[in-house]
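**Student:** Compute the structure for the input listed below.
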Amino acid sequence: MYLFEEPFYFWLLWIIPVMIGSYALVFFWQKRKQGQFADKAFFKKLVPEQSTFKRWVKVVFLALALGLFCIALVNPRIGSKLETVKRKGVDLVFALDVSKSMLAEDIAPNRLEKAKRIISQITNRLAGDRVGLIGYAGSAFPQVPITSDYSSTKNFLNSMNTDMVSSQGTAIADAIELGLTYYDDQEQTKRVMVILSDGEDHGSEVEDQLAKAREKGVEIYTIATGTKKGGPIPIDRSRYNITYKKDRQGKVVITKTDISTLSSIAKSTNGKLIDGKSTKKIVDEFIGILQEMEKTEFESKQYADYKSQFQWFLGFGILFLMIDMMLFEKKTVWLRRLNLFNEKKDDEA
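**Tutor:** Just a heads-up that it's a prediction; the model follows:
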């Protein structure tokens, strides 16, 4: 098992395509200017030792070095052994709404990003609990099964978006049905499900799934994302303009959070609706609820003894950088004798 300690530094990898693109532009600009000065055959006689191939080889080695340095900054860590540990906690399943209405910006930056932050911050404060992750829109789909690996859960969480499901809607019933399969019936653990949604366009089969949840002893808590006032749904964003979703009459659709639906879902399973604009207050309230619950002891397996691997990437990065520095743009004599690139033929021409 591996994890990335500082995944933010992956953004630095954009330097590589920018660098290669810039070099390519300069290279072809130079070629064009050289063509204006003299024809190709005459220019080769003026600078017979210049090697175009080695110029690009140097760029490749420099790009490899920069890529490896970026990965070294991320600091990949590998778990070297699997341990069985005893913990006390609850089995907690997050069901995240990824329908298009979650793109509304009535709360900053938008409903979906707000919900993802809430899940991430709750996960950061867990101790001993196991978590699972579900996404849903017009249908539900599994993301992470019940696990004690919080890092993997957050990695999957960060990648969730509104394009993951083609069918639109808010199939809360499907999410509850899938969530109920996450719990192990042979383990008598405390079972909690958290639904993060604006509650709009919910299906008609919710009551049936809520009855099953009560039978299995699952408490469902709902966290409202969005406001009662609501906001438009952006579907296309350019530099100077934002296009919003419209109805058949051409009017901009305003999506509003259905507080009453979310509240009734939570109350029917002895849960609670948690609402508020402040992420910290929502997280604090939910963590307080978890701390008051009776925790169950269970065994779980997890990777331990994580070791940093950045030194390998740093070492190879330095090696490639040194190779780049030692390579000259002149043609290599022994390589020229091999005539791998038909250099002799070009010279004779």
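
**Student:** which element is the closest residue to K229 other than its chain neighbours on?
**Tutor:** In space, not counting the residues next to it along the chain, K229 is nearest to D106; the distance is 6.5 Å by C-beta to C-beta, 6 or more residues apart in numbering. All C-beta spots, glycine's among them, are computed from the backbone N, C-alpha and C. For D106, there is no host helix or strand (DSSP states H and E).

**Student:** what's the neighbour count on D106?
**Tutor:** 20 (other C-beta atoms under 10 Å).

**Student:** mind checking how far it is from E187?
**Tutor:** 40 Å (C-beta to C-beta, to the nearest Å).

**Student:** can you pull the contacts of the residue nearest to K229?
**Tutor:** D106 sits next to G226, T227, K229, G230, G231 when contact means C-beta atoms under 8 Å, 6 or more residues apart in numbering.

**Student:** try 6 Å
**Tutor:** D106 makes contact with G226, T227, G230, G231 under the criterion C-beta atoms under 6 Å, 6 or more residues apart in numbering.

**Student:** what's the neighbour count on the closest residue to the first one other than its chain neighbours?
**Tutor:** Of all residues not flanking G226 in the chain, T257 sits nearest, at 3.7 Å (C-beta to C-beta, 6+ apart). The criterion is other C-beta under 10 Å. On that basis, T257 has 25 neighbouring residues.

**Student:** Name the helix or strand for T257, please.
**Tutor:** Per DSSP H and E, there is no helix or strand for T257.

**Student:** Pop out the phi and psi values for it.
**Tutor:** The phi and psi values for T257, taken as degrees, to the nearest 10, are phi -70, psi 130.

**Student:** how near is it to S197?
**Tutor:** With C-beta to C-beta as the criterion, T257 and S197 are 9 Å apart.

**Student:** same deal with L12?
**Tutor:** L12 is 35 Å from S197, by C-beta to C-beta.

**Student:** can you list the weak-confidence ranges in the stretch 51-200 of the chain?
**Tutor:** Scanning the stretch 51-200 of the chain for pLDDT under 70 picks out 51, 79-87, 169-170, 188, 200.

**Student:** Can you give me the domain assignment for the protein?
**Tutor:** Structural domains annotated on the chain: 2-75+309-348, 85-300, as defined by automatic domain parsing.

**Student:** Single out the most deeply packed of the ones you listed.
**Tutor:** Ranked by mean neighbour count, those are led by domain 85-300 with a mean of 18 (mean count of other C-beta atoms under 10 Å).

**Student:** now that domain: how far from the chain's centre is it?
**Tutor:** Here domain 85-300 is found 17 Å from its chain centre; the criterion is C-alpha atoms, centre = their mean, to the nearest Å.

**Student:** which residues sit in contact with L62?
**Tutor:** L62 neighbours (C-beta under 6 Å, 6+ apart): D324.

**Student:** I'm done for today, thanks for sticking with me.
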